[in-house]
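Participant: Need coordinates for the below:
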Amino acid sequence: MQTINISNVLGHIGSDPQHTQLPNGTLKTVVSIATNIGTGDRQKVQWHTALFWGKTAEVAAKLKKGDALFVSGYVDYRKWNDKETGQPREKTEIHVQHFSKVENPMQTINQINILGNIGADALFKQFGDNAKTTISVATNIGSGDRQKAQWHTVIFWGKAAEVTAKLKKGDALFVNGYIETRKWTDANSGQNREKTEIHAQQFSIISGQVGQISNHNIEPSQQQVGYGNIQENNYSHNGYDKNPNDFDQDSSMPLPY
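Facilitator: Numbers count the residues shown, from 1 in each chain. Here you go, the predicted structure:
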């Protein structure tokens with residue numbers, strides 16, 4: 001089954017981009033983008049790390065703190081063990097494929113779409129009048145012998161949790177939602193930790209030999225809308241099935257601003 005892993009983010013850049021050249025000569029630019037999740041006095045900032053590669057990185061390096069930026073790409077959960085403590089670490093990054101500088105955005109956007117297979121039976125918990133179901137969904141990135149699985153932790157609440165509680169390992173699921181990265185300090189090691197989760201707003205359970213789809217919509221209380229004025233010079237890089245170091249670049253690339 002063809003999987004889907006696409007994140008769309010529109011927000012403001014929190015600091016000037018970090019532009020570097022790797023030992024193999026590949027250019028890389030890292031941009032931190034802030035979006036809002038929640039409403040009213042429960043609203044909070046969500047930070048996204050966006051990675052640009054090659055000639056795209058050269059363009060992104062010219063962006064500045066405070067610029068409004070729209071990016072679209074695939075999410076990579078990079079995991080490793082800390083060399084000093086041996087503790088597991090995790091960092092969530094968006095590998096950018098399309099981006100545009102935006103003027104006067106009305107609101108921020110924090111959206112992700114995934115389609116993949118469930119890795120384990122759904123985990124259901126009841127909290128008084130509320131319910132929560134946690135599901136791990138696998139998607140693929142890369143191609144050929146360089147392909148690898150990305151595991152997404154998806155959270156469902158309320159009636160959606162009751163519906164998805166019956167899902168089993170191997171079931172196929174499409175989810176639309178927003179990304180939230182929780183950060184905390186490990187009580188035992190004192191190390192900073194983080195965990196990224198997708199809070200589902202809409203989902204479809206895909207089953208049967210012919211791919212019968214059951215649609216379920218969740219009230220999008222956290223959903224952000226309004227793209228503002230997106231400038232026409234939108235640079236697109238279609239490298240979804242490639243390793244970032246192997247991206248083919250267009251020598252006549254237009255600037256996105």
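Participant: where does the stretch 51-200 of the chain have low pLDDT?
Facilitator: For the stretch 51-200 of the chain, no stretch has pLDDT under 70.
Participant: can you give me the helices for it?
Facilitator: Counting by DSSP state H, counting those that start in this stretch, one finds helices in the stretch 51-200 of the chain at the ranges 54-60, 158-164.
Participant: neighbouring contacts of the last one?
Facilitator: What it means is helix 158-164. 122, 124, 130-133, 135, 156, 173, 200, 203, 205, 216, 218 (C-beta atoms under 8 Å, 6 or more residues apart in numbering). C-betas here are computed from N, CA, C, even on glycine.
Participant: Out of the residues you listed, flag the one nearest to residue 73.
Facilitator: Distance ranking of the contacts of helix 158-164 against residue 73, using C-beta to C-beta, places residue 200 first at 20.3 Å.
Participant: Identify the residue nearest the closest one in space, chain neighbours excluded?
Facilitator: Using C-beta to C-beta, 6 or more residues apart in numbering and skipping residues adjacent in sequence, the residue nearest residue 200 is residue 177, 4.4 Å away.
Participant: quick revisit: mark which of the contacts of helix 158-164 are buried, thanks.
Facilitator: Neighbour-count burial (16 or more other C-beta atoms under 10 Å) applied to the contacts of helix 158-164 gives 122, 124, 131, 132, 133, 135, 156, 173, 200, 203, 205, 218.
Participant: now the helices of the stretch 51-200 of the chain as TSV including distance to residue 32?
Facilitator: TSV is the format used below for the helices of the stretch 51-200 of the chain (distance: least, C-beta to C-beta, whole Å):
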stretch	distance to residue 32
helix 54-60	12
helix 158-164	31
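Participant: and of those helices, who's closest to residue 109?
Facilitator: The nearest among the helices of the stretch 51-200 of the chain, by C-beta to C-beta, is helix 54-60 at 18.2 Å.
Participant: For that closest one, list every residue counted as buried.
Facilitator: Neighbour-count burial for helix 54-60 [16+ other C-beta under 10 Å]: 54, 55, 56, 57, 59, 60.
Participant: next one: that helix to chain centre, how far?
Facilitator: 20 Å (C-alpha atoms, centre = their mean, to the nearest Å).
Participant: and what of stretch 170-190?
Facilitator: 11 Å.
Participant: Would you mark the buried spots in the helix or strand hosting residue 202?
Facilitator: Assigned by DSSP states H and E, residue 202 belongs to strand 192-207. By 16+ other C-beta under 10 Å, the buried positions in strand 192-207 come out as 196, 197, 198, 199, 200, 201, 202, 203, 205, 206.
Participant: Likewise for stretch 88-105?
Facilitator: Buried residues in stretch 88-105, counted by 16+ other C-beta under 10 Å: 92, 93, 94, 95, 96, 97, 98, 99, 100, 101, 102, 105.
Participant: Need those in a markdown table (columns: distance to residue 46).
Facilitator: Putting the buried residues of stretch 88-105 into a markdown table (distance: C-beta to C-beta, whole Å) gives the following:
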| residue | distance to residue 46 |
| --- | --- |
| 92 | 11 |
| 93 | 14 |
| 94 | 12 |
| 95 | 18 |
| 96 | 17 |
| 97 | 20 |
| 98 | 20 |
| 99 | 18 |
| 100 | 20 |
| 101 | 20 |
| 102 | 17 |
| 105 | 15 |
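Participant: quick one on the thing from earlier: and the buried residues of strand 192-207, which is closest to residue 6?
Facilitator: Among these, residue 198 lies closest to residue 6 (C-beta to C-beta), at 12.0 Å.
Participant: my guess is residue 68 meets residue 100, correct?
Facilitator: No - counting by C-beta atoms under 8 Å, residue 68 does not reach residue 100; the two are 9.5 Å apart.
Participant: so how far is stretch 82-89 from its chain's centroid?
Facilitator: With C-alpha atoms, centre = their mean, you get 24 Å for stretch 82-89.
Participant: May I have the distance across that stretch, first residue to last?
Facilitator: In stretch 82-89, first residue to last residue: 6 Å (C-alpha to C-alpha, to the nearest Å).
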